[in-house]
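1. Requesting a structural model of the entry that follows:
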Amino acid sequence: MPESFFVLSKDYLELATDEITAIAKMYDRFSKIKIISNLVIVQSKTNGNEIVKRATFVKTSGQILRKMSGLFLDEENVGVLKNAKSFVCRVINLSSNQFNIPELESSMGDMISKFSHAKVKLENPDITVYLIFTNEENFFGFSEKHEDKKRPIKVKKYPHELEWKLTRVMINLIGLKKGQTLCDPFCGTGTTLLESESMGINAIGIDFDEKMCEISKENLKINNYKSKILKSDFQKLTKISDDFDGIVTDLPYGRSSKASDKPEEILKKFMSIMPKNKKIAIMYKQELDPKMKLKGLKKYQIYRHKSLTRTILIK
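-> Next up, the predicted model:
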């Protein structure tokens, strides 16, 4: 079964590794996952490019050709370059060993040139060949040229709105699939709706603030997205629970929120009306956790600045 590799950013590393696992399992529940530091190896029938399209914190990805006990290349190993006109060699060192990376990349390029008609091209080559070193195992792999992911456009923003990367991770952690529907009952400027639709997931946004509803509509319109926006209190959830498959939201907090209730009261009311059998990812102030004693599948602590740490709860 094919193996794909994903080198992750070390920002929010636990979130990043869990996200890759969740996406892989969503596509193929029999996927096998191996994690070595910030390298994730996925053995799955799913093409790794499909995982990358949804993932948030992937720096480099590709396909594993084989594990390596040493630096040894032959014609069989570089068969992937058969139809390629250009290539470049890259070394990813995740081990504690020190290498002369430029020299190693140059030597590897010279060796590959003996078996291939492809020419070295440092920028935007057809194929990138990788040597990946870790303290446990070394890997030989490659990736093909692909277009960068297009980000949704946001014409209007608001202070303290939820970061798009964390929004996207939350959506992926609950494993919503294309064609399913997400609901954000505190949609604000529509960040969750934009990320949802960019992944082919339908969305419903709820907000009691008319100004926020209008901003969400503008942000959706410029991307030609079709999410529904409902001007209402979050308790609208109970009336439309048959219309969505999961909930992803960032609960309002602090001075920027126009909610009349205190954050702990909002969270308490919100949790009391949660529809059963729905996938849920919510973010709230960490300081509310001891008071609420909320339970779920997993919690993540997200440090924002010295006076604010957020908790992501997956249920």
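2. use CA for all of it now, contacts and neighbours both
-> Noted.
3. ok, and the helix or strand in the chain with the lowest average confidence?
-> When the helices and strands of the chain are scored by mean pLDDT, DSSP states H and E, helix 289-292 comes last with a mean of 74.
4. Give me the mean pLDDT for the helix or strand that it is followed by.
-> Towards the C-terminus, the helix or strand next in line after helix 289-292, according to DSSP states H and E, is strand 298-305. Regarding strand 298-305, the rounded mean pLDDT is 86.
5. Same question for stretch 134-145.
-> Stretch 134-145 shows an average pLDDT of 91 in the prediction.
6. what's the offset of that stretch from the middle of its chain?
-> Per Cα atoms, centre = their mean, to the nearest Å, the displacement of stretch 134-145 from the mean C-alpha position of its chain is 21 Å.
7. same thing with stretch 289-308?
-> Stretch 289-308 has its C-alpha centroid displaced from the chain centroid by 20 Å (Cα atoms, centre = their mean).
8. Also stretch 91-107?
-> Centroid separation for stretch 91-107 versus its chain: 28 Å, with Cα atoms, centre = their mean.
9. Show me which residues of the helix or strand harbouring V52 are buried.
-> For V52, the host element (DSSP H and E) is helix 48-54. Within helix 48-54, the residues that count as buried by 16 or more other Cα atoms under 10 Å are G48, N49, I51, V52, R54.
10. most distant residue from the middle of this structure?
-> What lies farthest from the middle of the chain is K114; by Cα atoms, centre = their mean that is 38.7 Å.
11. Pull the distance from whichever strand or helix holds that one to the chain's centre.
-> The secondary structure element spanning K114 is helix 101-115 (assigned by DSSP H and E). Here helix 101-115 is found 33 Å from its chain centre; the criterion is Cα atoms, centre = their mean.
12. packing partners for that helix?
-> When contacts are defined as 3 or more Cα pairs under 8 Å, 6 or more residues apart in numbering; DSSP states H and E, helix 101-115 packs onto strand 86-93.
13. now with 10 Å?
-> Other elements packing on helix 101-115 under the criterion 3 or more Cα pairs under 10 Å, 6 or more residues apart in numbering; DSSP states H and E are strand 86-93, strand 119-120, strand 127-133.
14. and the shortest one, average pLDDT?
-> So that's strand 119-120. Looking at strand 119-120 alone, the average pLDDT works out to 90.
15. For my notes, confirm L267 occurs in a helix.
-> Yes: L267 forms part of a helix when assessed by DSSP: H, G, I helix; E, B strand; the rest coil.
16. How about the contacts made by it?
-> Residues counted as contacts of L267 (Cα atoms under 10 Å, 6 or more residues apart in numbering) are L251, P252, D261, I282, M283, Y284, K285, L288, M292, L294.
17. what's the spacing between the helix or strand containing the fourth one and its chain's center?
-> Counting by DSSP H and E, the secondary-structure element that holds I282 is strand 279-285. Distance, stretch centre to chain centre, for strand 279-285: 16 Å (Cα atoms, centre = their mean).
18. do stretch 219-231 as well
-> On the basis of Cα atoms, centre = their mean, stretch 219-231 sits 22 Å off its chain's mean C-alpha point.
19. cool, and stretch 37-46?
-> Taking Cα atoms, centre = their mean, the mean C-alpha location of stretch 37-46 is offset from the chain mean by 14 Å.
20. for it, how far is the first residue from the last?
-> Using Cα to Cα, to the nearest Å, the end-to-end distance of stretch 37-46 comes out at 23 Å.
21. and if you look at stretch 180-199?
-> 10 Å.
22. So for that stretch, mean pLDDT?
-> For stretch 180-199, mean pLDDT is 96.
23. Likewise for stretch 268-282?
-> Summarised as a single mean, pLDDT over stretch 268-282 is 91.
24. Which parts of it count as buried, going by neighbours?
-> Within stretch 268-282, the residues scored as buried using 16+ other Cα under 10 Å are P275, K278, K279, I280, A281, I282.
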